[in-house]
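Visitor: I would like to see how this sequence folds:
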Amino acid sequence: IPDYLTSLGIPSESHWVETDDGYILGAFRLANPGRPVLLLQHGILASAWCWLVNDPELSPALRLFHLGYDVWLTNTRGNTFSRNHTKWNPDEDEE
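Guide: Down below sits the predicted model:
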């Protein structure tokens, strides 16, 4: 996601958020400091990409950024951007 946003000239940041039960979730910010903040959360079986996978003029995240919002894209546990845990390895551990 950061490389894609950079190719469009949009400043972005990558963040990691640790949950109380040890999952480490990826989040991305389309940085517009000092502007109103919007958090976009995808639906089931999706990822933050769902807010970007359209023509740039139609993409919800990009449109909101260009309208002047500080946009955050979060991810739920287990998707492409959130396969980390402080204790378990999702590729090896059963739980």
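
Visitor: drop to CA atoms for contacts and neighbour counts, all remaining ones
Guide: Noted.

Visitor: for the chain, what spans make up the strands?
Guide: Shown for the chain, the strands assigned by DSSP state E span residues 12-18, 23-30, 37-41, 70-74, 84-85.

Visitor: where does the prediction get shaky in this protein?
Guide: For the chain, residues meeting the criterion pLDDT under 70 lie at 93-95.

Visitor: now with 80?
Guide: 78-79, 83-84, 86, 89-95 (pLDDT under 80).

Visitor: sorry, back to before: any chance of a markdown table for the strands of the chain, columns mean neighbour count and distance to P56?
Guide: Putting these into a markdown table (neighbours: other C-alpha atoms under 10 Å; distance: least, C-alpha to C-alpha, whole Å) gives the following:
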| stretch | mean neighbour count | distance to P56 |
| --- | --- | --- |
| strand 12-18 | 14 | 15 |
| strand 23-30 | 21 | 14 |
| strand 37-41 | 16 | 16 |
| strand 70-74 | 22 | 15 |
| strand 84-85 | 19 | 30 |
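
Visitor: in CSV: those strands, plus distance to D3.
Guide: Formatted as CSV, the strands of the chain follow (distance: least, C-alpha to C-alpha, whole Å):
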stretch, distance to D3
strand 12-18, 9
strand 23-30, 12
strand 37-41, 19
strand 70-74, 15
strand 84-85, 21
